[in-house]
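Chemist: have a look at this fold, sequence not included:
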């Protein structure tokens with residue numbers, strides 16, 4: 001059995017940020033990670049052209065800025081380098097290939113009892129921890145919707161986590177399912193590499209430029225959300241025009257109000273809208289049926305496709321291993337309480353990076369968790 005003051009589950013940005021904040025207070029911790037590296041989503045499950053969608057000042061982890069010469073919008077490889085430097089700066093030593101199988105709160109001993117499997121040594125490790133931090137992310141497992149006939153599709157069908165570049169799809173008919181930031185950017189990448197690209201857009205969404213979002217994030221510090229939203233929508237309409245005839249409908253609520261209420265982000269255009277207007281990317285409605293290579297869509301359209309890329313997001317797997325977390329997490333493994341009061345549960349249970357507030361939200365969670373743990377420890381020793 002191993003004892004730890006704090007056990008952090010997950011060595012992505014949320015887990016690393018929490019570890020750094022704890023180390024600032026000299027609070028000992030153990031951090032475990034099921035993969036063989038930190039931030040595996042960024043290293044192994046993201047496409048090549050990915051950049052952080054927000055300006056770097058909104059994407060820093062606590063206690064360490066980006067290099068002075070870093071670009072405003074950080075490319076994936078530079079962000080991974082930043083994380084590696086962060087690990088070195090704060091001497092974070094994750095226990096890799098360690099999968100948490102269960103965690104329960106031991107009322108008798110007032111601590112969390114965690115059972116983990118060391119995949120490298122093929123052994124079971126028992127941890128006892130006063131505090132438990134869930135930092136395993138909302139992007140733990142790929143989410144692919146159930147579609148009638150998909151199991152018989154003879155072409156390539158992958159989740160966006162497996163997609164790297166459109167170079168191997170040149171000349172092929174490719175359908176992207178999902179129109180968030182990843183889906184829209186993957187569609188652009190495919191079309192840019194010569195693929196005959198279609199994208200399924202089912203729901204209303206805001207299309208913005210990265211400059212508009214950066215402006216909005218500065219303005220919301222001083223102005224009401226509704227006022228900022230009205231300004232951004234007016235400017236976006238001026239830039240993009242009415243996109244309704246291209247299959248893109250703008251929601252009634254503004255982008256920052258939607259973000260605050262649901263955590264869903266506006267789509268930051270990388271050039272996809274221009275290709276849609278030119279007809280180089282076709283917009284389709286919801287899939288109704290897959291018959292071999294033929295895919296039928298709501299409204300009667302259909303087409304033959306060689307490949308499908310599902311940019312349909314991820315789901316949390318936390319509820320598979322955590323018990324006694326019902327007061328903090330819902331059935332989807334996400335916080336019950338609304339931001340910014342979501343990060344703390346009962347009996348020393350916390351979550352970091354589950355509020356759909358990006359890296360800025362992660363930084364805030366990590367600071368709040370470390371401050372709360374320090375306050376509890378201080379009160380116990382006084």
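Modeler: Noted; the coordinates are in hand. The shown structure was predicted, so the numbers you read here are calculated from the model rather than taken from an experiment.
Chemist: how near is residue 321 to residue 271?
Modeler: 41 Å (CB to CB, to the nearest Å). Glycine gets a C-beta too; all of them are placed from N, C-alpha and C.
Chemist: find the centremost residue of the chain, please.
Modeler: residue 139 (5.4 Å; CA atoms, centre = their mean).
Chemist: does that one really touch residue 314, like I thought?
Modeler: Yes - taking contact to mean CB atoms under 8 Å, the distance of 3.8 Å between residue 139 and residue 314 places them in contact.
Chemist: phi and psi next, for the residue nearest to the centre of the chain.
Modeler: phi -110, psi 50 (degrees, to the nearest 10).
Chemist: for it, give me the pLDDT.
Modeler: For residue 139, the model assigns a pLDDT of 70.
Chemist: which parts of the stretch 201-350 of the chain are helices?
Modeler: Assignment of helices within the stretch 201-350 of the chain using DSSP state H, counting those that start in this stretch yields the ranges 210-219, 225-240, 255-262, 272-278.
Chemist: mind checking which of these is nearest residue 340?
Modeler: Nearest to residue 340, of all those, is helix 255-262, at 10.3 Å by CB to CB.
Chemist: so residue 6 makes contact with residue 22?
Modeler: Yes - between residue 6 and residue 22 a contact is recorded at 6.1 Å, counting by CB under 8 Å.
Chemist: now the common contact residues for those two.
Modeler: Listed contacts common to residue 6 and residue 22 are 28-29, 373; contacts here mean CB atoms under 8 Å, 6 or more residues apart in numbering.
Chemist: dump these to TSV, plus distance to residue 287, neighbour count and pLDDT.
Modeler: Formatted as TSV, the shared contacts of residue 6 and residue 22 follow (distance: CB to CB, whole Å; neighbours: other CB atoms under 10 Å; pLDDT from 0 to 100):
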residue	distance to residue 287	neighbour count	pLDDT
28	51	10	97
29	45	21	98
373	47	23	98
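Chemist: just to be sure, residue 101 is in a strand?
Modeler: Yes - Residue 101: assigned to a strand according to DSSP: H, G, I helix; E, B strand; the rest coil.
Chemist: pretty sure it sits against residue 323.
Modeler: No - the criterion here is CB under 8 Å, and residue 101 misses it with residue 323 at 11.2 Å.
Chemist: in a helix, residue 47, correct?
Modeler: No - using three-state DSSP, the secondary structure at residue 47 is coil, not a helix.
Chemist: just give the closest residue to it, not the sequence neighbours.
Modeler: Spatial nearest neighbour of residue 47, excluding adjacent residues (CB to CB, 6 or more residues apart in numbering): residue 163 at 5.2 Å.
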